[in-house]
Structure formats: structure tokens, C-alpha cells
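> sequence and predicted model, in that order:
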Amino acid sequence: MAHFYGTVRGGRGESTKCGTKSSGMIATAAGWGGCVRVYVTHDAETGTDRFEVRQDRWKGEGVSEILAVGTVGQPSNSTPVKDASQSELDSLPPLDSNHRVIPS
């Protein structure tokens, strides 16, 4: 059963996708200079849904950096990711080479 639900709208209309707690969901929007990705995952230990927003390289262009991390539905601390502790970054679930959450 779907736990996550996403939409994307472009020149050909709108499309939707679903993700489960184990699959998570990744959205990618790319241009000539790189892309932005949003990862949404479920943390089974805490029962919370987590997110990570990052710039990434696309077709050899762009930079790779984390822009934001947090818990879905919770207020942002407004702390820049560059100031996040390593333990906060390490708490994000690992992703495989296809950017899917590796089950724990």
C-alpha cells in the first residue's frame, strides 16, 4: 500500500507516482546545469518520514550538495545543512546506486 504520493507537472500534463515505506520516493527535476533531487524515506525505528533535498550532477554538469534535511510535517530549524552535525547527516538512510533506500 502506498505511504508516499507524488506528482509532477510538465509540458505533457501531470503524472503521479506512489512509494511504500520500504521503497521511499525520489523526485528529480533536471536542467542543462544540473538537477535537484528530493528523497523521502520512512524511518522504521522512529516511525517518522524523513526528507533530503540536494543539488546533484546531471549528464556531467552541476554540483553535488545537500540543501536541506528534516522530518516531514515538522517545522524547520532553519539550520543550514552545511552546519548540520555529522551524526544528523549519518542518520539519513543509505541509498543504493539507483538512489533507492537500502532496507535496514
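Structure received. Numbers count the residues shown, from 1 in each chain.
> centroid-nearest residue for this structure?
Against the mean C-alpha coordinate of the chain, by C-alpha atoms, centre = their mean, the closest residue is Tyr39 at 1.3 Å.
> beta partners for it?
Beta-bridge pairing for Tyr39 (DSSP bridges): Ile26, Glu52.
> Gly31 too?
Beta-bridge partners of Gly31, counted by DSSP bridges, are Gly34.
> how far away is it from Val69?
With distances taken as C-beta to C-beta, to the nearest Å, Gly31 is found 23 Å from Val69. All C-beta atoms are positioned from the backbone trio N, CA, C, and that covers glycine.
> who has more neighbours out of the two?
Neighbour comparison, Gly31 and Val69: the larger count goes to Val69, with 19 against 10 (by other C-beta atoms under 10 Å).
> I'd guessed that one sits against Arg50; true?
Yes: with contact defined as C-beta atoms under 8 Å, Val69 counts as touching Arg50 (7.3 Å).
> report pLDDT for the residue of the chain most remote from its centre.
When each C-alpha in the chain is compared with the mean C-alpha position (C-alpha atoms, centre = their mean), Arg12 comes out farthest, at 24.1 Å. pLDDT, Arg12: 92.
> what's near enough to touch it?
The neighbourhood of Arg12, defined by C-beta atoms under 8 Å, 6 or more residues apart in numbering, contains no residues.
> and what of Gly10?
Taking C-beta under 8 Å, 6+ apart, we find Gly10 in contact with no residue.
> kindly report the same for Val36.
Contact criterion C-beta under 8 Å, 6+ apart gives 28-30, 53-56, 67 as the residues in contact with Val36.
> all strands for this protein, in order.
Read by DSSP state E, the chain holds these strands, from start to end of the chain: 4-10, 13-19, 25-31, 34-43, 48-56, 65-71.
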